[in-house]
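# everything below, folded, please.
(chains A and B)
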Amino acid sequence: MPTERTDLLQGTLDVLILKTLAPAAMHGWGIAQRIQQVSEDVLAVNQGSLYPALHRLEEKGWIAAEWGSSENNRRARFYSLTRAGRRQLAEETESWERFAAAVGRVLAAT
Amino acid sequence: MLKRIVSTMKSPFEGKRMESDLDEELRFHVERETEENVRRGLRPDEARTQALRRFGGVEKTKEECRDAGRAVWLESFLQDVRYAGRSLRKNPGYAAAAVLTLALGIGANTAIFSVVYGVLLQSLPYGGGERLVRLRVDAPGAGITDGRFSPPEMNDLRGSGDAFDAVSEYHSMWFVLLGRPEPERVQTGVVSANFFDLLGVRPILGRTFRTGEDQHGAEAVLVLSNSYWLRSFGGDPSVVGRVFRMNDRPHTVIGVLPPIPGYPEDNDVYMPVSACPFRADPDTENNRDAGMLRAFARLKPGGTLGGAQAQLNGLVKRLEHDHPGNYPASIHVAVAPIPLRDELTAQARPTFLLLSGMVGLVLLLACASVANLSLARLVRREKELALRSALGASRRRLARQLLTESLLVALTGGVLGLVLAVGCRQLLVMFAARLTPRASEIAIEGPVLLFTLGVSLLVGLALGLVPALSSRRSLVSALQEGRDTSAPGGPARVKLRGLLVVAQVAISFVLLAGAGLMLRTLWKLAQIDLGFKTERVLTSRVDLNFSRYPEDAQKRDFQTRLLDKLSTEPGVVSAALAGNFPLSDRGPANGRFRIEGRPGAAPENLPVADFQRASSDYFKTIGVPILRGRGLSNADRQDAPKVAVISESLARHFWPGEDPVGRRIGLDGQHPTDEITWLAVVGVVGDVRQYGLLKPPTEQIYLSMLQYPGLSTTCFVRTSSEPRALERAVRAAVHTIGPEQPVDRFRTLEEIHEGALASPRLTATLLVLFAGLALAITATGIAGVIGFSVGARRREFGIRMALGALPRAVRAMVLFQGMRLVAVGLGIGLAGAFLLSRLWSGLLYDVAPTDPVTYAAVALGLGAVAAAACFLPARRATSVDPMVALRNG
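Below is the predicted model:
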């Protein structure tokens, strides 16, 4: 296991969750695994903050939750993106890209 | 959003399930992680330990989930409500004062709004709605204001054009209805068959009139008014189809009306014009001068008042051309359409608008007072709020709690106010009934309830914002400083409280000025010389049934025998009969007369006077002074020379500087060919307010009832003791002489006078009540603010006095500080009262809306009360020993 893990910036966890849920509904553990996997283990999801974030997003109406059956045939809570969530994802992606590009330009400048 | 609210509403009941959901979700996560660890090759127990460690604190996560979850919103709201309730219970004095003050303010507004809504705002209780008009005729050149139409003129109106899709006539008279245990005198509306269709009134039983039922030869039918049906038949539905005798003909009841305003008059029954013996008389039907009818019309759909007016102007032009004898251009006949809404509410509007304005001010004052109370309380609570903030309550949460508290106070006040308003409803309806026939429509329901809720919420929100406005300072600093509870709480707050006092004084001034002006009006009204003496006179109507007493001899016989019998009753000082009672709400019985020896004029240009028939003791009985000559006597019989007694104003008008006694006046007959009857003027009597308190004395000619017996008869009995006690004796006397003769409407002259004063008296009472309330609230407000600042400055006063300041000087300083606010308030109030003076000018009598005496008295009185309110805390400021004050500072 690589040791070099970056802590998530506050607020970025939300957009990562939204992005992860974009293709299909997933349960909490799956989301954490997926983020870690896709980021090639750079981003570690603090599981203690994952669930509050999920509940917060649900409260905001960006994701919806529903009980379903997991890959190992257990009852698990699956989250999926709502229409408002998709809009939010698009917005946050754009603003993140703008932010990252700006930071990149500043760093590239000599 | 809706889904979110629904889920929020559900959550407190589903709290248990949510909790177990959360448990299950987290358990799944840990187990899945454990499985994964096992898959990577860890031992099961090690795998689980690591999964748990990686997860961190389960309880902490659960807590955070709950916070992020949906239950928080409502739960914290309920918590706020519970907290507000607890905090108010802990401070019952403040809670009671605030709730009560707001209850009075909101209650008064609810009550007045229910009147305004029921009478002015609500749509008319007629299906015809806003298209309904009354056609009003005036002829200023002939002294006719709001006259009546004759039957030929009704036909002219109907054929005048297409601005109206229906025109209907109306007049009202009384008849005797037989077939009930006692003969009943019923006020009867006599109308065209389309009258109720035009108004858009559907009967609740049976039917109304059909086309053709107002034509000659139709069967006589009756429609009962709702109130008469309930009063006389106890709401018995089998009354439809019953037959009663009226005017010597059978009349069949065909229907019962719903409760509609008693407009144009409060009629008991309605009949079509063909059933009225006077209206159906061919002489009346073809007589252009027989003005007795009111005309109602409905504008055609989309029609305007302007279009109707143009059509009516055209009609007047045509009539002036076709009948110059009846309508000479010199009398300026004008017919105008008046919207029925105005007819029903015009008299009530100024009073109700004034009252609305006044209660609005009372509410504003109540709010200022409660805001002041809660500011004082906020200072005392500063430490508590700071502590809660230090423990983690966000500023927003604290503000929300204060808002919840003020909303709770306002809503409780609103509920209490509603109870108050419901309690006053009956009184208000009675009050409004003097001003508008729509009074019975006043109800506290629907829109009025919404209004109360809206006002309560608004008041609650406004009061909740006050603490937020007053201080932007960090609450934590208050905790750090460890302030004493007597601290003034920042200069901003003191300033705000001072502003509130200024506003209270200003509002009180306006309310007091209104009440003062109304009281002066009432006093002036009560001082009006009526021209007669009201003490111990009982009046009643003994209108003769024309079918029973068709001949003059029969009327004369009945009237003479009645007077003979009444004057021998024990307790009767004198008895008299006359055509009408004084202060009557009817219009004058105008007629034309000639003066002997003066050049003859065309009939339509002859002088006009109000003719009143009276028996010999009339002047003595009601106490009208005889100024010259003599009054009427029993010798002025039918076979004696005809005589007339005239009123002072008539004498002055037509015989200025001369003695009219001995002159003769002439009356034309019914037809131009008839001979003129000459009457000798035998006396001049004092002026009487015959038709209303505010109408100037009518120029009157009194005729001898023996020479001119009539059907309309009012009976007057002056008694030696309580007049009401003679009601039975009068009733018995009438029934002995005429067994089928009704007698009713017993009232004393004092009651009639009181009735004329009742509406201004009630308005004045309400205004005085509001103003008194305002004064009390303001005085406590001033005392509170000054007392508070005195408490905070005790140290300062102690130092001043220790350095040799006289207690008197310190007192003066405090007094000055308070009175400066009061003076500013008085100034603003004065300006406000001037600005608002137009609002009440219409309700005043003989008092200017900016009457300096009233304003000065109010300013002095309010200033004195305010000074007293300042003086009490000022004395307390100097009553402490300087050393004690300094030591305890």
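
# which parts of chain A are strands?
Ranges of strands in chain A, per DSSP state E, are A:26-27, A:63-69, A:75-81.

# quick check, the first one touching chain B?
To tie it back to what came earlier, the one meant is strand A:26-27. Yes: applying Cβ under 8 Å from any Cβ of the partner chain, one finds strand A:26-27 in contact with chain B at residue A:27. C-beta here means a position set from N, CA and C on the backbone, and glycine is covered the same way.

# rewinding a little: tell me the most buried of the strands of chain A?
With neighbours taken as mean count of other Cβ atoms under 10 Å in any protein chain shown, the strands of chain A reach their highest mean count in strand A:26-27, at a mean of 22.

# that older thread, I'd like the strands of chain A written out as a markdown table, with distance to residue B:678 and mean pLDDT added.
Compiled in a markdown table, the strands of chain A are given as follows (distance: least, Cβ to Cβ, whole Å; pLDDT from 0 to 100):
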| stretch | distance to residue B:678 | mean pLDDT |
| --- | --- | --- |
| strand A:26-27 | 116 | 90 |
| strand A:63-69 | 104 | 88 |
| strand A:75-81 | 108 | 90 |
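
# do you know how far the residue most central in space within chain A is from residue A:89?
Against the mean C-alpha coordinate of chain A, by Cα atoms, centre = their mean, the closest residue is residue A:17 at 1.9 Å. Distance, residue A:17 to residue A:89, using Cβ to Cβ, to the nearest Å: 9 Å.

# do residue B:419 as well
Residue B:419 is 55 Å from residue A:89, where distance means Cβ to Cβ.

# burial measure for the spatially closest residue to residue B:249 that is not a sequence neighbour, as a count.
Among residues not flanking residue B:249 along the chain, residue B:220 sits closest, at 5.2 Å (Cβ to Cβ, 6 or more residues apart in numbering or on different chains). Residues lying near residue B:220 (other Cβ atoms under 10 Å in any protein chain shown) number 19.

# and for residue B:426?
Other residues lying near residue B:426 total 10 when counted by other Cβ under 10 Å.

# what about it, distance to residue B:758?
Counting by Cβ to Cβ, the gap from residue B:426 to residue B:758 is 15 Å.

# ok but residue B:137 is inside a strand, no?
Yes: counting by DSSP: H, G, I helix; E, B strand; the rest coil, residue B:137 is located in a strand.

# isn't it up against residue B:148?
Yes: with contacts counted by Cβ atoms under 8 Å, residue B:137 reaches residue B:148, the gap being 7.4 Å.

# looking at the two, which is more packed in?
More crowded of residue B:137 and residue B:148, by other Cβ under 10 Å: residue B:137, with 21 against 17.

# tell me the contacts of the more buried one?
B:144, B:146, B:147, B:148, B:149, B:333, B:334, B:335 (Cβ atoms under 8 Å, 6 or more residues apart in numbering or on different chains).

# bridging across strands, which residues link to it?
Beta bridges link residue B:137 to residue B:335, judged by DSSP bridges.

# please name the nearest non-neighbouring residue to residue B:735.
Counting by Cβ to Cβ, 6+ apart, residue B:735 lies nearest to residue B:741, which is 7.0 Å off, once chain neighbours are set aside.

# can you report phi and psi for residue B:32?
phi -70, psi -40 (degrees, to the nearest 10).

# so residue B:255 belongs to a strand, correct?
Yes: assessed with three-state DSSP, residue B:255 lies in a strand.

# any regions of chain A where pLDDT drops low?
Counting by pLDDT under 70, chain A contains low-confidence ranges at A:1-11, A:110.

# switch the cut-off to 80
Scanning chain A for pLDDT under 80 picks out A:1-12, A:41-48, A:72, A:109-110.

# chain B contacts on that one?
A:27-29, A:33, A:46-49, A:51-56, A:58-59, A:61, A:70, A:72, A:74-77.

# partner strands of the longest strand along chain B, parallel or antiparallel?
The residue-count maximum for a strand in chain B (DSSP E) belongs to strand B:164-178. The strands that strand B:164-178 pairs with in its sheet are strand B:184-191 (antiparallel), strand B:243-246 (antiparallel), strand B:294-299 (antiparallel) (by DSSP bridges).

# now do stretch B:521-529: distance to the chain's middle.
Centroid separation for stretch B:521-529 versus its chain: 21 Å, with Cα atoms, centre = their mean, to the nearest Å.

# go on, stretch B:91-103?
29 Å.

# one more: stretch B:850-869?
28 Å.

# thinking again about what came up before, quick one: the residue nearest to the centre of chain A from chain B, how far?
From residue A:17 across to chain B, the span is 13 Å (Cβ to the nearest Cβ, to the nearest Å).

# that residue reaches residue A:53, doesn't it?
Yes: if you go by Cβ under 8 Å, residue A:17 and residue A:53 touch, sitting 6.2 Å apart.

# coming back round to it: got a pLDDT number for the residue nearest to residue B:735?
On pLDDT, residue B:741 comes in at 85.
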